[in-house]
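Student: Got a sequence here, can you build the structure:
(chains A and B)
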Amino acid sequence: MSLGFCMLVHTALHRAAQVARHWAVAGCPVVIHVDRRVPKGEFDELVARLAHLENIRFCPRHRCDWGTFSLVEASQSAARMMLSDFPEVNHVYLASGACLPLRPARELTAFLAAHPDTDFIESVKTEDVPWTIGGLSHERFALRFPFSWKTQRRLFDRYVRLQRRLGVRRRIPAGIEPHLGSQWWCLTRRTLSAILHNPRKAEFDRYFRRVWIPDESYYQTLARSYSRKIESRSLTLSKFDFQGKPHVFYDDHLQLLRRSDCFVARKIWPEAQKLYDSFLSDLQIVQNHARPAPARIDRVFAEALHRRVRGRPGLYMQSRFPRDGWENGRTAACYSVFQGFDEIFEDFPDWVRRMTGVLPHGHLFAPSRVEFAGGETVYAGAISDSATLRDYNPQAFLTNLIWATRGERQVFQFSPRDNQQIAPFMAGDANAQIAIVSGAWAIPLFRSSLNFADRRREAARLQKIETRFLSSLHGPQVKARARIWPLADFLAAPVENLQEIAADLGPHRASRMTEAPALTDLTGFGAFLQQLRNEGMQPHLMGEFPVENDAEAGTPQPSRIDAAG
Amino acid sequence: MGVLTSYRLRLQRKRWRIRAIRKRRELRRVTDRTGTIRPEHVLLFATLRNERVRLPYFLDYYRKLGVSHFLIVDNGSDDGSRDYLREQLDVSLWETEASYKRARFGADWMNWLLSRHGHGHWCLTVDVDEFFVYPFCDTRPIRALTDWLDASSIRSFGAMLLDMYPEGAVDDEPYREGQDPLEIASWFDAGNYTIEKNPRYGNLWIQGGARARAFFPETPERAPALNKIPLVKWQRGYTYVSSTHMLLPRGLNNTYDEWGGEKASGCLLHAKFLDNFMLKSVEEIERNEHFARSKEYKAYLARLNETPTLWHKWSERYANWQQLDALGLMSRGNWA
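Tutor: Next up, the predicted model:
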């Protein structure tokens, strides 16, 4: 047999024992390094448990601290014992107590026998490393790290900053070029001996003693000098999260791990009984010659990373409450806002439904109640039509609605008569498509039976509100897509303008616009505007509306279209 | 955060601690089995009153999740809850007849027991009608979660309260002892929650759900808070400030991400609306031991006497944690 395992063990000794026994029984010698911090009682128990297996040895123990050279010393001491005590071993595999073999040792041995001169060690030049955490890649080699990152974080950070400021640079020993990679490798006897017994070892060890996380760079760097053939990848499947901490595998990962075809995985949750039971059982299914394919299970972990770092756009919830500007999208999907259209056309919402199949809402922000499509009192997501509840947090109301109806285009009417609190939010939302016919709010006033003084006052108020909304749609902060027509301009070519709008709602439907909604009767509207002017108000949002008397003055009346008629 | 505010919060935290220590005198030990607690145990803390019929399922639910020991304060039950709990080998029980309200709705008692027995443990503080759901809870015991939190240097875990209700009238279907209450109250509101940040304590203030929709449509600011942080790796100096909604020191309230990402979180399924709810409400109003002169309970009764159902066609039926995760009510974050 030509494969031996070095195992670094810190916790969950019973699991390490189980795995060591599994390999030893399969004929692979195992040298175990147990962290010196493990109490003597536990260590003795482990030794006793494995005493009957003569190809299991325990090497001298070091006290191991994460990120320090002690981990390299531990592996050196285990590897030395492996090379001297088991001369038949050709490949040495460095594993941890939290590793679990996913395939029988004989498959791994067969695989290595087919590559007798290959060192399997991930080894990447520092410039090309994408995964470094905390911005330290090359600096790991150029600065000194006497303080522990885990227990003396403040000192660690300060000392790094100080060295940066002073421009301290360590000299890297001649002849080596820093490389980084996974600390779990599988090296040939030849390469490993060269690293452990080379004449400059003392010099290298002295240097790496002050490198940060040397267990990810010591062998990875030195192997480059001595190896005949490096395959830069780890045979140990391990996935890292956004903090650079390994993902842990649980019972529910069983199928996932099987699918990876990797030989060894880490790290395994010690209580994952089902994983240990299935992968350590002797009843390993059919002979498998597949090459390891860790990428096959990447999706699950890539999704977890994306969730943690980017989140789901448009979602506001208990563990995602982005600050202003950090939402990655204020809302979950595109939606359309129409202002003025239901005042110009008799049956605008119904026309939208007929033309596009989208069920439009009425005025969601109406003062008295939320006008959900179909007059519903509760809508998707169990959102209530209570205006008080809505106005308690209008932004949450809108984002909730858009989130709850993902996949269904939301369309609603808006007007200066509605609650305007939501306006700035929509203006800053790239998902908002806002179409406005400005000044159309005057049409209901023109029709109203109120006395003129009241209508004039109301007109002034609404114009002020609309002006504010329109100006909020200009400026560098605005992300919404807005189309704005003054009333007169819109009426000059209503069909073309509607065509544009229909295209926004659903491009594939635009060509099928066979009917236009019925225009409301505006006879006398120009005169009404003139009357407002005469009373000292200046209605300016409607554009140039002719002060006609009747139809012959060229009111937009002729543009009334009815394809059916 | 200025130095002054920091200092004030520190004083406040001390005050709550001292208050908890003072309030310990109200607790009389019934059975103390805390000697059996091992360092790695996950502990559950609860205050209750007359919950005899719910207890068997409650204890079982949390035993199955992997809770090792229950530390319970019985606040004057007269329905046999005490006798039942005394016989459970994994329960340590205290009793008190003192005022729930004056113990800040039980928070003082919980703070005392937490600081006395919770130090260094992952502690889950819940009510008897709250069922903790977290990512992967169908396949991974709670120890998997707490180990992961430890490894990620996370000290506290948020779980929003999700109000559950039955399809029919609230008092239609009787609850049988030992039954899963979610079999009856299996519906919830999926997406009508509002969130605000509380600048003082740094926690989120969440309202909404069935209760805001049905009971507080005209006074939403009175709707109960749904944000909860029930799972904490307890240290002696910590205190719950108000129920389990927020803690001091403030860093523990930071269970959400502000830069677009999602942290891992769970839900507390709140099976409050069962058949005995109406009766309990009447009793609670008479006892007047609840928040804001029990206004909340008065609102419940008024509405439920008028229309006794909370259900409507947009209600969502509870299936599993994956569903809550997909709806965005909780998140697996980067736990995979």
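Student: Excluding sequence neighbours, find me the nearest residue to residue 172.
Tutor: Since you didn't name a chain, this refers to chain A. A:F141 (5.9 Å; CB to CB, 6 or more residues apart in numbering or on different chains). C-beta: built from backbone N, CA, C; applies to glycine.
Student: ah, no, chain B please
Tutor: Closest to B:D172 by CB to CB, 6+ apart is B:P166, at 6.5 Å.
Student: Next: A:V437.
Tutor: Nearest non-adjacent residue to A:V437 (CB to CB, 6+ apart): A:G340, at 3.4 Å.
Student: For the most centrally placed residue in chain B, give its distance to chain A.
Tutor: With distances taken as CA atoms, centre = their mean, the residue of chain B nearest its centroid is B:V126 (3.6 Å). B:V126 sits 16 Å away from chain A, taking CB to the nearest CB, to the nearest Å as the criterion.
Student: Let me know whether that residue touches B:L269 as I believe.
Tutor: No - the criterion here is CB atoms under 8 Å, and B:V126 misses it with B:L269 at 10.5 Å.
Student: who touches both of these two?
Tutor: Residues touching both B:V126 and B:L269 by CB atoms under 8 Å, 6 or more residues apart in numbering or on different chains: B:F132.
Student: returning to what we had before: got a list of what the residue lying closest to the residue nearest to the centre of chain B once chain neighbours are set aside touches?
Tutor: What sits nearest to B:V126 in space, not counting adjacent residues and going by CB to CB, 6+ apart, is B:P230, at 5.4 Å. B:P230 sits next to B:124-126, B:130, B:132, B:157, B:159, B:244, B:268 when contact means CB under 8 Å, 6+ apart.
Student: okay, now A:L13: neighbour count?
Tutor: 21 (other CB atoms under 10 Å in any protein chain shown).
Student: Confirm for me that A:S148 is in contact with A:F156.
Tutor: Yes - using CB under 8 Å, A:S148 is in contact with A:F156, at 6.8 Å.
Student: So those two - more neighbours on which side?
Tutor: Shown here are A:S148 and A:F156; by other CB under 10 Å, A:F156 has more neighbours (19 against 14).
Student: Which pLDDT does the model give the closest residue to that one other than its chain neighbours?
Tutor: Distances taken as CB to CB, 6+ apart put A:F147 closest to A:F156, at 4.4 Å, once the chain neighbours are dropped. Turning to A:F147, the model gives it a pLDDT of 83.
Student: Give me the three-state assignment for B:Q207.
Tutor: strand (DSSP: H, G, I helix; E, B strand; the rest coil).
Student: residues touching it, list them.
Tutor: B:193-194, B:220, B:223-226.
Student: just A:R266 next, same as before
Tutor: Going by CB under 8 Å, 6+ apart, A:R266 touches A:95-96, A:98-100, A:184, A:236-238, A:246.
Student: Just the ones of those residues in helices?
Tutor: Counting by DSSP state H, none of the members of the contacts of A:R266 fall within helices.
Student: between the residues you listed, which is nearest chain B?
Tutor: Closest approach to chain B among the contacts of A:R266 (CB to the nearest CB): A:P246, at 8.8 Å.
Student: list the contacts for that closest one?
Tutor: A:238-240, A:266-267.
Student: per-residue pLDDT, A:L46?
Tutor: A:L46 is assigned a predicted lDDT (pLDDT) of 94.
Student: Also A:G167?
Tutor: Note for A:G167: predicted pLDDT of 85.
Student: where's it relative to B:P220, distance?
Tutor: To B:P220, A:G167 is 59 Å away according to CB to CB, to the nearest Å.
Student: and these two? which has more neighbours close in?
Tutor: B:P220 (20 against 6).
Student: so what's the more buried one closest to, chain neighbours aside?
Tutor: Per CB to CB, 6+ apart, closest to B:P220 is A:Y392, 3.9 Å.
Student: Tell me how many other residues surround B:R287.
Tutor: 15.
Student: cool, A:L315 as well?
Tutor: A:L315: 24 neighbours (other CB under 10 Å).
Student: Who are the contact partners of it?
Tutor: A:332, A:403, B:262, B:328.
Student: now the second one: how far from A:N431?
Tutor: By that I understand A:W403. 11 Å.
Student: Identify the contacts common to these two.
Tutor: Contacts common to A:W403 and A:N431, judged by CB under 8 Å, 6+ apart, are A:314, A:331-332.
Student: out of the residues you listed, who has the most neighbours?
Tutor: A:T331 (26 neighbours).
Student: Give the helix, strand or coil label for it.
Tutor: Secondary structure, three-state DSSP: A:T331 is coil.
Student: is stretch B:105-123 up against chain A anywhere?
Tutor: No - using CB under 8 Å from any CB of the partner chain, stretch B:105-123 stays clear of chain A, with a minimum separation of 14.5 Å.
Student: Just the buried positions in that stretch, please.
Tutor: For stretch B:105-123, a neighbour-count test (16 or more other CB atoms under 10 Å in any protein chain shown) marks B:105-115, B:117-118, B:121-123 as buried.
Student: Which ones among those residues lie within strands?
Tutor: B:122-123 (DSSP state E).
Student: wait, which of the buried residues of stretch B:105-123 is closest to chain A?
Tutor: B:W122 (14.5 Å).
Student: Could you count how many residues lie near the nearest residue in space to the closest one that is not next to it in sequence?
Tutor: Distances taken as CB to CB, 6+ apart place B:T146 nearest to B:W122, at 4.2 Å, with adjacent residues excluded. The tally of other residues near B:T146 (other CB under 10 Å) stands at 21.
Student: B:T146: what's it in contact with?
Tutor: Contacts of B:T146 (CB under 8 Å, 6+ apart): B:42, B:122, B:231, B:233.
Student: Local confidence estimate at it?
Tutor: 97.
Student: same check, this time on the one 10 residues further on
Tutor: Looking at B:S156, its pLDDT stands at 96.
Student: Look up phi and psi at B:A319.
Tutor: B:A319 adopts backbone torsions of phi -120, psi -60, taken as degrees, to the nearest 10.
Student: Next: B:D90.
Tutor: phi -110, psi 20.
Student: so it makes contact with B:R33?
Tutor: Yes - when contacts are counted by CB under 8 Å, B:D90 is listed as touching B:R33 (7.2 Å).
Student: ok, back up a step: ok, now how distant is the residue nearest to B:W122 from chain A?
Tutor: For B:T146 relative to chain A (CB to the nearest CB), the value is 11 Å.
Student: B:S242 now?
Tutor: Taking CB to the nearest CB, one finds B:S242 at 17 Å from chain A.
Student: Look at A:W403 and A:N431 and report which has more neighbours.
Tutor: Taking other CB under 10 Å, A:W403 and A:N431 do not tie; A:W403 has more neighbours (23 against 20).
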